[in-house]
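Novice: Quick one, fold the following:
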Amino acid sequence: MRAMDWLESFVFTFVPLFIVIDALGNLAFVLTLSEGLTPHNKRQLVNLSIATAVALGVAFLFLGRFILNVLGISVGAFAIAGGSVLLVLSIYYMVTGRMVEADTKEMVAVVPIGTPLLMGPATITTLLLLATQFPIYIVLISLILNLIIAWVIFRFGTYIAAILGRGGLTAVSKVFSLLLAAIAVSMIISGLQMLGMDIGQ
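Specialist: Residues are numbered from 1 along each chain as shown. Below is the predicted model of the structure:
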């Protein structure tokens, strides 16, 4: 693979994952959850959350193609279905301010942050779709880099929140949700084209 092709594939896998993981958008939630914890416990919370997301993401990434083959689902059909799911989730996020429902009384590092906030339906759908369109190793690199970025954001979240403010974090998250909607529409169009429909970009 030529350097330019590799760079293009990397960008097309990194950006959608960066948007759906939405570490900045989830930062306010993490700060609220970790309020009152000692610095040591905060580090443990962040580390466990990221470890959970990595484990789930890698599992779905490598099993994705196998699942599609077993179920006899074409890439085009999955692109349409996946794009539709992402579109609904992005609209829901713009309206409600959250990607999924979560019971704040049951919040722990593994369940609400690791999944479904970091590795939820939108991220899993995006991973499965990217794995059908790009080499898995490139998608894996993009996933790991995004989760490293999420770790840095959560780890130094107090300083970031002080700079952006809660309003700034919300604004950034809303922009990401709009970009996710645009990506979802693009996926649907690509899926229709894969199924032989002549649709202009």
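Novice: Quick one: residues contacting residue 38.
Specialist: Going by C-beta atoms under 8 Å, 6 or more residues apart in numbering, residue 38 touches no other residue. C-beta coordinates here come from the backbone N, C-alpha and C atoms, glycine included.
Novice: Now the longest helix anywhere in the chain: average pLDDT?
Specialist: Longest helix of the chain, by residue count under DSSP state H: helix 157-194. Mean per-residue pLDDT for helix 157-194: 80.
Novice: Can you give me the buried ones in that helix?
Specialist: 157, 160-161, 164, 169, 173, 176-177, 179-181, 183-184, 187-192, 194 (16 or more other C-beta atoms under 10 Å).
Novice: Pull out the buried residues from stretch 123-141.
Specialist: Buried positions in stretch 123-141, judged by neighbour count with 16+ other C-beta under 10 Å: 123-134, 138-141.
Novice: Run the chain-centre distance for stretch 28-38.
Specialist: Mean C-alpha position of stretch 28-38 versus that of the full chain (C-alpha atoms, centre = their mean, to the nearest Å) differs by 21 Å.
Novice: just to revisit the earlier point, out of the buried residues of stretch 123-141, list just those in helices.
Specialist: 123-133, 138-141.
Novice: Pick out the most distant pair among those.
Specialist: 125 and 141 (19.3 Å; C-beta to C-beta).
Novice: How many residues are close by the nearest residue to residue 178 once chain neighbours are set aside?
Specialist: Residue nearest to residue 178 in three dimensions, not counting chain neighbours: residue 94, with 6.8 Å by C-beta to C-beta, 6 or more residues apart in numbering. Residue 94 has 15 neighbours, counted by other C-beta atoms under 10 Å.
Novice: how close does residue 94 get to residue 14?
Specialist: 23 Å (C-beta to C-beta, to the nearest Å).
Novice: wait, isn't residue 185 in contact with residue 80?
Specialist: No: under the criterion of C-beta atoms under 8 Å, residue 185 is not in contact with residue 80, lying 11.0 Å apart.
Novice: Could you tell me the end-to-end distance of stretch 15-28?
Specialist: Using C-alpha to C-alpha, to the nearest Å, the end-to-end distance of stretch 15-28 comes to 21 Å.
Novice: Which positions in that stretch come out as buried?
Specialist: 16-28.
Novice: Report how many residues lie close to residue 70.
Specialist: 9.
Novice: Can you give me the buried ones in the strand or helix carrying it?
Specialist: Secondary structure from DSSP states H and E places residue 70 in helix 39-71. Across helix 39-71, burial judged by 16+ other C-beta under 10 Å covers 42, 45-46, 49-50, 52-54, 56-58, 60-61, 64, 68.
Novice: mean confidence for it?
Specialist: Rounded mean pLDDT across helix 39-71 is 88.
Novice: That's all I had, so thanks and see you.
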